[in-house]
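Q: return atomic coordinates for the entry below.
(2 chains)
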Amino acid sequence: MVTEAGKRVQEFYNKTPFPDYELERFKTKEDLRIAAYPFAEILDRSIPENASIIDVGTGTGQLSAFLSLRRKCVWGIDFSDGSLSKARKLKEQLKLKSWTLKKVDLLDTEQIEAIGRKFDYVLCMGVLHHTGYTHQGFENILRLLKPGGYIGVGLYNTYGRIPLQIRKFLAKTIFKNNNILNNTIKDWFIRMQIGNIEDKERARGWWSDQYLHPYETTHSVGEVLKWFKGNQIDFYQTVPSSTLFDDTSLETAGVWNTTSQKYPSFLARICKQIAWIWQTHQEGGYWITFGKKKI
Amino acid sequence: MGSDTLLGELWEFLKVRKAWWITPIIVMLILVAVLLVLGQTGGSASPFIYALF
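A: Numbering: from 1, shown residues only, chains lettered A, B, ... in the order given. Got it, this is the predicted structure:
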């Protein structure tokens, strides 16, 4: 299914691959390990070594490449030739044999079925909100998940993204011209989101993705919980937490953890999502929901 | 409610000036504050869950 939004997004990512990086940064596997931020390590530790993983919308592929370092079967799929081309160069450079890359449009059920296998873990981080058919996309990627398999879905939150939308407006109006002051402010905006801007290709990728993207939607926790319920997915947790008085440590509990985070009540969801306006504003209101498919 | 406390002074102000229209604004502000405090409770900050490398 090639949608109007899909075409625009595909062209966009062909021109500006995402998340992107300077290839020279990753000369060895160790470079990739060192570059991983703490949450990438938490994800890695949360998944057993013998598990099969597919990263849907892998882009230039840092996450799936990293996960393949200690696993035998990790797939990365994306519909952008531009992003996949960079990922393939990384695969070749690091000789990552267990990392499979394939061009797939997640809205196309035939292409999804053509993959021909199911996975223990399906990750779809920051992808569905660019498809135009988020719910349909979610149901499509479930086709790749084994019964009893685990899923992680990252999306922009309707409330949490408000500050970024304000920054986006400022960047397009007040700070639109190229001068030292405006560029400093834009650098500050992007540094807020990715930590540092030393890797210029990465900084450009993030700037384009967050501030110049042709299509995005935002979603609430309640919406995703409905998708989970309607598709026999047990809710595990969200990151950041959407439960009141939750003090779980991600470092020790991992992300597919049910020990302390309860199913978020309506009140908890309201409180948390209002808090996310501030709590997640640096990352553009991004949050991830984790769950498990019923057997 | 003693008039030497903040709430007391506010109550006196509302009574003397008959500015009851302010009441819903104050109630809403308190409600939002409570929601924010509840929302922030617990859970360690998890920076950079989107940018992973």
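Q: so what's the residue count around residue 6?
A: In the absence of a named chain, chain A is used. Neighbour count for residue A:6, taken as other CB atoms under 10 Å in any protein chain shown: 21. For every residue, glycine as well, the C-beta is placed using N, CA and C.
Q: to clarify, I was referring to chain B.
A: Neighbours around residue B:6, by other CB under 10 Å: 7.
Q: what pLDDT is listed against it?
A: Predicted confidence (pLDDT) at residue B:6: the value is 83.
Q: cool, and residue A:261?
A: At residue A:261, pLDDT is 73.
Q: also residue A:253?
A: 86.
Q: could you measure from it over to chain B?
A: 11 Å (CB to the nearest CB, to the nearest Å).
Q: likewise residue A:250?
A: 6 Å.
Q: name the nearest residue to that residue, sequence neighbours excluded.
A: Using CB to CB, 6 or more residues apart in numbering or on different chains and skipping the chain neighbours, the partner closest in space to residue A:250 is residue A:42 (5.3 Å).
Q: so for whichever strand or helix holds that neighbour, what gets flagged as buried?
A: Under the criterion of DSSP states H and E, residue A:42 resides in helix A:38-46. The neighbour-count check on helix A:38-46 (16 or more other CB atoms under 10 Å in any protein chain shown) flags A:39, A:40, A:42, A:43, A:44, A:46 as buried.
Q: the stretch 151-295 of chain A against chain B: which residues are in contact?
A: A:154, A:193-195, A:202, A:206, A:239-241, A:243-250, A:270-276, A:278-279, A:282-284, A:286-288 (CB under 8 Å from any CB of the partner chain).
Q: give me every residue that touches residue 48.
A: Let's take chain A. Taking CB atoms under 8 Å, 6 or more residues apart in numbering or on different chains, we find residue A:48 in contact with residue A:120.
Q: sorry, should have said chain B
A: A:37, A:38, A:39, A:194, A:195, A:283.
Q: name the residues of stretch A:93-109 that are buried.
A: By 16+ other CB under 10 Å, the buried positions in stretch A:93-109 come out as A:93, A:94, A:96, A:99, A:100, A:101, A:104, A:105, A:106, A:107.
Q: oh, that last question was meant for stretch A:287-295, not what I typed.
A: Those would be A:287, A:288, A:289, A:290, A:291, A:292, A:293, for stretch A:287-295 by 16+ other CB under 10 Å.
Q: tell me the mean pLDDT for that stretch?
A: For stretch A:287-295, mean pLDDT is 96.
Q: residues in contact with it?
A: Outside stretch A:287-295, the residues that touch it by CB under 8 Å, 6+ apart are A:125, A:142, A:145-155, A:157, A:160, A:221, A:224-225, A:228, A:231-240, A:242, A:255-257, A:276, A:280, B:49.
Q: tell me the spacing between residue A:137 and chain B.
A: 18 Å.
Q: same thing with residue A:47?
A: Residue A:47 is 14 Å from chain B, by CB to the nearest CB.
Q: excluding sequence neighbours, find me the nearest residue to that residue.
A: With sequence-adjacent residues excluded and distances taken as CB to CB, 6+ apart, residue A:47 is closest to residue A:121, at 5.6 Å.
Q: what helices or strands is the helix or strand harbouring the one you found leaning on?
A: Assigned by DSSP H and E, residue A:121 belongs to strand A:119-125. For strand A:119-125, the packing partners by 3 or more CB pairs under 8 Å, 6 or more residues apart in numbering or on different chains; DSSP states H and E come out as strand A:53-56, helix A:62-68, helix A:134-142, strand A:145-156.
Q: is the helix or strand following the second one positioned near chain B?
A: The reference is to helix A:62-68. Counting by DSSP H and E, the element after helix A:62-68 in chain order, helix or strand, is strand A:74-78. No: if you take CB under 8 Å from any CB as the test, strand A:74-78 misses chain B, and the best it gets is 13.4 Å.
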